[in-house]
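[1] sequence and predicted structure are below.
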Amino acid sequence: MSTNSSTTRWGVRPSQSPPKAGCADRPIGSGTPSVRTKTIQPRKCWPRERQPSVVNSAVHSHTPELLVSEVRGLVVRQVLLHRIEAAEAAAMRVTKRRFDLAGRMIAATDPRLADANRSTVYSLGGNALATESVDAGWQRVLFGEAGQVLHGWDGRGTERQLEYDLLLRPTRIIEQNRCAERFTYGQTDAAGHNQCNQLVRHDDTAGSRLLQDYSLHGSVLSETRHFMLAAEAADWPSAEPDRNELLEPAGLQTCRVFNAQGEVLTQTDASGNSQLSTHNLAGQLHSTDLILNDSMHARTLVSAIRYNAFNQVEQETAGNGVVSLYAYDQQDGRLIGLSAISADGTLLQQLNYSYDPVGNILLVNDASQPDRYCDNQLIEPISRYRYDTLYQLIEASGREVRNGASHGPALPGLQPVPTLDPCQVSNYRQNYSYDAVGNLLQMRHEGAHNFTRNIHVAPDSNRSLPDDDGDVDFATSFDANGNLLQLVRGQVMGWDARNQLQHITTVQREDGSNDDERYVYDGQGQRCRKISTAQASGRTLTNEVRYLPGLEIRTTADGEILHVVTTQAGRNSVRVLHWEAGKPDAIANDQVRYSLGDHLGSSTLELDQQGGLISQESYYPFGGTAWWAARSAVEAKYKTVRYSGKERDASGLYYYGFRYYAPWLQRWINPDVSGEDTDLNLYRMLKNNPLNHVDLKGNVAIPLNAHFYWEGGDIPIPHLQNMLLFKEINPDYQVNVWTSKVKHLLNPLAEMSESNDPAERHLALAHGDSLIQCNPEELFSSLGQAYPNAKKIEAIYSRETNGPYKNYAAASDIIELASTYMEGGLYMDADIAVGQPLGSLDAPNGFLVHIEDNLTSNAVLASEPRGKMAGEIMDTIVDLYTTSPSMMENNENYGWKTKRSTPGEGLFSRLKLTMHMTGPWLIRSFLPATAEENKAYAVPHDKFFYRETPRTDNMQPEQRSLSNIFFRGFKRGLNGEGRWTNVRPGRRASI
């Protein structure tokens, strides 16, 4: 083994993704911008945008990330250096990896454990047949000839079997010898409602979902949900009439109207309430209205949304007249101010943010709140934060309720507003200690009432339990798959066959029935029913919530029937409370509640239709409520959405869509299996950095890397402008430009820095040194560390970039897969521009591509690191370029002969073979059969633009404003001119 200096990273590790291996600033010349390029020398200087602040620079000094590789170039050791104080010696944290002869990782061990956290056994075809995880238990999978999953088993004794039709569409899912799901598809005569080949009925674990009508684009226009008569999983019979007998007869229908871009214009929920959206000429949301089912009058929920030149929202007006204002840093575009002003000019909220150079929040000041004094103590409305060298939060301070504070599942005591007693709030400080892999060991709280929570971590896994003055028994506290079995003492949890929380006992009785809460999920794993039962005076009281698109139906044992209309109206989360029966006297029917959030989306203020304050809430860093207040206890009862915009259950758990989060434990209550490739600790929440990351659904997001590719000469200035504009709009992303020669980037950058066009000049000078030039040769070298066919992919790339018939379109297809597979992130063709901030892209399946009007384009593509689908697509490319029978004729491969030399229009033309062998047709073959299922694989297509008219030096000047200086000449969507189809070396345009 040897230390690979080309992959040594130096300096402060950035919050989102580390700097490129050995990046160094290379100036063009005096007064011009610089660009960072990869070298084989370790970096010993700070990138400009990552300069450490005065207060923490000594802590982060000399804390590089080191990678150690063996002779094949596979990384077998990762070394992180950790410390909290500058005077401490940095501790080494070593992650170990082992690979088989094919270069596949077969074991990974974190810095704490002696044995592997995860081990994998592969088939000869490269599929993972068996996995062993110290956190998530073992799994076995049997695959079919086409790579489809046929059978699965796990450590809990769960057995799962899938059946398919001739088109390899799933038809049945069998779990524990019961038919858990059935799929029915439209036949060839179902064109009347565009149902041909589409999913028309899905019998799942919650009931049946009927999809009656599709648009030409494949979007669902009308769907009806029928719930089960019994809240138990069904064993679905084959005959449709027999299945119908298991269902409630009344269906709940949702209808939608889409525009030509596939955006929802109108959604009518199961109660007849209609949500209407309008967009401006740029396709941005302009307003949202609501028409209740018993009214013809449209209520405005948000209007007059105003955007800046980078498509960031600057101002919007809610339906209650409250104006929200956003302020951004002129240098990096980070949010620095968030305010809300009522119609009468009252300042309701003024959040001011301060960051360290890498984007970690150091301070949040709510200037709308007054300083308070009590017991000779100044209580400021300021929260402060401190981090270690791994950017884990180690200290936080702020305000909490003085009496009745809660550090467990319960909420603290409710306070009155607007007459909050100054002495009911006090300062607090929390310190967090972690082990070598980020498990919380201790939370020390100093405030009006000091408190310390100690956590015990299992010696052979990352499973942990709080020290509650009782015996800690990991064997009985977790099942074989790592699901927590007891939340707190006496609260038992049960899990279904899919490792979804099925029920929790909230009150346990030895001599009677328990109080509990049960959960029912649909086929996509999303919760659609919550049923709570309680015992009182010899009666069983049952409350239920049903979740539908844009609507919650809440019923209680005392006859209350509440319909809650839910929508996102700009910044505000809006909930309209409509009682069908049992309305409390203290609240008017059809009450509109506007929830104003912070940068994480946490509900901090609730306002009524007149802009009056309903409730106010503040949170500890990891999601517990520090204090909350409301104008009445009755209205406070109906607040359900809190931290990070998620629903808080009676148990104190937050539901994130795929898993549940316990804020007082600061971790998930079961393993995050989807995150194994990026974090061996499957229980850790957001890598212990909750102020700067958001987990929208409880699964891992795509890393904040943006990849571009160019070969054949200098990058055209319009394309380089797209790359720089991406950095302008998305400052938290790292932008990588893959090109073999740095001059391809430096020459046009120098020209832009001296341009007469102010937009070009600004972008070059502001962000030129933020672009990172990366050599494709080094990409393929590092690809060999993780991907078995790296040498074959490199050979294919080399042939597509050399010789008289070079094909840069195919080469870019290969680079986009290789770069996103190795480092994760988003790839875009150079002629694609981003018109809005992307934020963190959520990929439930680890892979995203541009899908619009039921058409797939790989001009925009994203993948998680070491993504399974990206790897499988590269495997198929290797097969198509080598010995695939479908590509052979007379012992010659079309990929090397016909595709490279025939510009014609036939089946084997240069264009069509490229699309089939590396391009969108190939990627389309890996996507699900139905448009509805494809939504989980689609990037937000409304954020991408192209330039209709190329820039020329003799173009006539046009009238420009701040809103169009960067976007003149752009149109929303992707172009598809395919100009590269003629055999012309040095030319690359998008497909």
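    Right, received. Where do you want to start? Residues are numbered from 1 along each chain as shown.

[2] just the pLDDT for the residue lying closest to Gly624 once chain neighbours are set aside.
    Closest residue to Gly624 apart from its sequence neighbours, by Cβ to Cβ, 6 or more residues apart in numbering: Pro663 at 4.5 Å. Bear in mind the C-beta positions are built from the backbone N, C-alpha and C, glycine included. Predicted confidence (pLDDT) for Pro663: 97.

[3] can you tell me how far Pro663 is from Tyr391?
    Distance, Pro663 to Tyr391, using Cβ to Cβ, to the nearest Å: 20 Å.

[4] may I have stretch 486-506 as PDB, with CA atoms only?
    Listed next in PDB are the C-alpha coordinates belonging to stretch 486-506 (Å, rounded to 0.1, in the frame of the first residue of the first chain):
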ATOM      1  CA  GLN A 486     -38.800   0.400  23.000                       C
ATOM      2  CA  LEU A 487     -38.900   4.200  22.600                       C
ATOM      3  CA  VAL A 488     -38.900   5.000  26.400                       C
ATOM      4  CA  ARG A 489     -39.700   2.700  29.200                       C
ATOM      5  CA  GLY A 490     -43.100   1.100  28.700                       C
ATOM      6  CA  GLN A 491     -43.500   2.300  25.100                       C
ATOM      7  CA  VAL A 492     -43.100  -0.800  22.900                       C
ATOM      8  CA  MET A 493     -42.700  -0.400  19.100                       C
ATOM      9  CA  GLY A 494     -43.600  -2.900  16.400                       C
ATOM     10  CA  TRP A 495     -42.400  -3.000  12.900                       C
ATOM     11  CA  ASP A 496     -43.800  -4.500   9.700                       C
ATOM     12  CA  ALA A 497     -42.100  -6.700   7.100                       C
ATOM     13  CA  ARG A 498     -40.700  -3.700   5.300                       C
ATOM     14  CA  ASN A 499     -39.100  -2.200   8.500                       C
ATOM     15  CA  GLN A 500     -41.700   0.500   8.700                       C
ATOM     16  CA  LEU A 501     -43.000   1.500  12.200                       C
ATOM     17  CA  GLN A 502     -46.300  -0.300  12.500                       C
ATOM     18  CA  HIS A 503     -47.400   0.600  16.000                       C
ATOM     19  CA  ILE A 504     -46.200   2.200  19.300                       C
ATOM     20  CA  THR A 505     -47.700   1.600  22.700                       C
ATOM     21  CA  THR A 506     -48.100   5.000  24.400                       C
END
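
[5] buried residues in that stretch?
    Along stretch 486-506, these residues count as buried under the neighbour rule (16 or more other Cβ atoms under 10 Å): 487-488, 491, 493, 495-497, 499-506.

[6] the residue nearest to Gly624 touches Asp649, doesn't it?
    No - using Cβ atoms under 8 Å, Pro663 is not in contact with Asp649; the gap is 11.9 Å.

[7] higher neighbour count, Pro663 and Tyr391?
    Neighbours of Pro663 and Tyr391, each counted by other Cβ atoms under 10 Å, are more numerous for Pro663; the result is 25 against 22.

[8] distance check, that one against Gly408.
    To Gly408, Pro663 is 10 Å away according to Cβ to Cβ.

[9] any common contacting residues for these two?
    Taking Cβ atoms under 8 Å, 6 or more residues apart in numbering as the contact rule, Pro663 and Gly408 both touch Gly652.

[10] and the two most separated of the buried residues of stretch 486-506?
    In these, the most distant members under the criterion Cβ to Cβ are Val488 and Ala497, with 25.2 Å between them.

[11] next structured bit after the host helix or strand of Asn365?
    Assigned by DSSP states H and E, Asn365 belongs to strand 361-366. Proceeding N to C from strand 361-366, the next assigned helix or strand is strand 372-374, under DSSP H and E.

[12] quick one: average pLDDT of that following strand?
    89.

[13] got it, and stretch 478-491?
    Looking at stretch 478-491 alone, the average pLDDT works out to 94.

[14] end to end, how far does that stretch reach?
    The first residue of stretch 478-491 is 13 Å away from its last residue (Cα to Cα, to the nearest Å).

[15] same deal with stretch 633-647?
    Across its full length, stretch 633-647 reaches 19 Å between end residues, using Cα to Cα.

[16] partner residues bridging the residue minimising distance to the centre of the chain?
    The chain has Asp842 as the residue nearest its centroid, 2.6 Å off, counting by Cα atoms, centre = their mean. Beta-bridge pairing of Asp842, defined through DSSP bridges, involves Ala701.

[17] make 689 the first number, not 1, from now on.
    With 689 as the first residue, the last one maps to Asp1530.

[18] next, the buried residues of whichever strand or helix holds His1144.
    Of the helices and strands defined by DSSP H and E, His1144 is found in strand 1139-1145. Using 16+ other Cβ under 10 Å as the test for burial, strand 1139-1145 gives 1141, 1143, 1145.

[19] what's the closest of those residues to Ser1201?
    Using Cβ to Cβ, Arg1141 comes nearest to Ser1201 of the buried residues of strand 1139-1145, at 32.1 Å.

[20] what about the residue lying closest to that closest one once chain neighbours are set aside, how many neighbours?
    Beyond its immediate neighbours in the sequence, the residue positioned closest to Arg1141 (Cβ to Cβ, 6+ apart) is Met1131, lying 4.6 Å away. For Met1131, the neighbour count with other Cβ under 10 Å is 21.

[21] quick one: buried residues of the strand or helix carrying Met1131?
    Using DSSP H and E, Met1131 sits within strand 1128-1134. Of the residues in strand 1128-1134, 1128, 1131, 1133 count as buried by neighbour count, 16+ other Cβ under 10 Å.

[22] and the last one, what pLDDT?
    Reported pLDDT at His1133 in the predicted model: 97.

[23] my read: it touches Tyr1120, true?
    No - taking contact to mean Cβ under 8 Å, the distance of 10.2 Å between His1133 and Tyr1120 leaves them out of contact.

[24] just to revisit the earlier point, check which helices and strands the strand holding His1144 sits against.
    Other helices and strands packing on strand 1139-1145, by 3 or more Cβ pairs under 8 Å, 6 or more residues apart in numbering; DSSP states H and E, are strand 1128-1134, strand 1152-1154.

[25] among these, which is nearest Val767?
    Set against Val767 and scored by Cβ to Cβ, the helices and strands packed on strand 1139-1145 come closest in strand 1128-1134, at 21.9 Å.

[26] any idea how far the closest residue to Met1557 other than its chain neighbours lies from Asp1161?
    Setting aside the residues directly before and after it, Met1557 is nearest to Phe1535 in space (Cβ to Cβ, 6+ apart), at 4.1 Å. As judged by Cβ to Cβ, Phe1535 and Asp1161 stand 40 Å apart.

[27] tell me which of those two has more neighbours.
    More neighbours sit around Phe1535 than around the other of Phe1535 and Asp1161, counting by other Cβ under 10 Å; the figures are 24 against 9.

[28] surely the more buried one and Ala1624 touch.
    No - the pair Phe1535 and Ala1624 does not pass the contact test of Cβ under 8 Å, sitting 9.4 Å apart.

[29] got a list of what the nearest residue to Ala1055 once chain neighbours are set aside touches?
    Counting by Cβ to Cβ, 6+ apart, Ala1055 lies nearest to Gln1038, which is 4.0 Å off, once chain neighbours are set aside. The contact partners of Gln1038, taken as Cβ under 8 Å, 6+ apart, are 1025-1028, 1054-1056.

[30] same check, this time on Trp841
    Counted by Cβ under 8 Å, 6+ apart, Trp841 has contacts 827-828, 847-848.

[31] on the three-state scheme, Leu1437 is what?
    Three-state call for Leu1437 (DSSP: H, G, I helix; E, B strand; the rest coil): helix.

[32] ok, it touching Ala1452?
    Yes - if you go by Cβ under 8 Å, Leu1437 and Ala1452 touch, sitting 5.6 Å apart.

[33] picking that back up, can I get the helices and strands packed on strand 1139-1145 in CSV with distance to Gln1065?
    What follows is these, written out as CSV (distance: least, Cβ to Cβ, whole Å):
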stretch, distance to Gln1065
strand 1128-1134, 13
strand 1152-1154, 30
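
[34] of these, which is nearest Arg786?
    With Cβ to Cβ as the criterion, Arg786 lies closest to strand 1152-1154 of the helices and strands packed on strand 1139-1145, at 26.1 Å.
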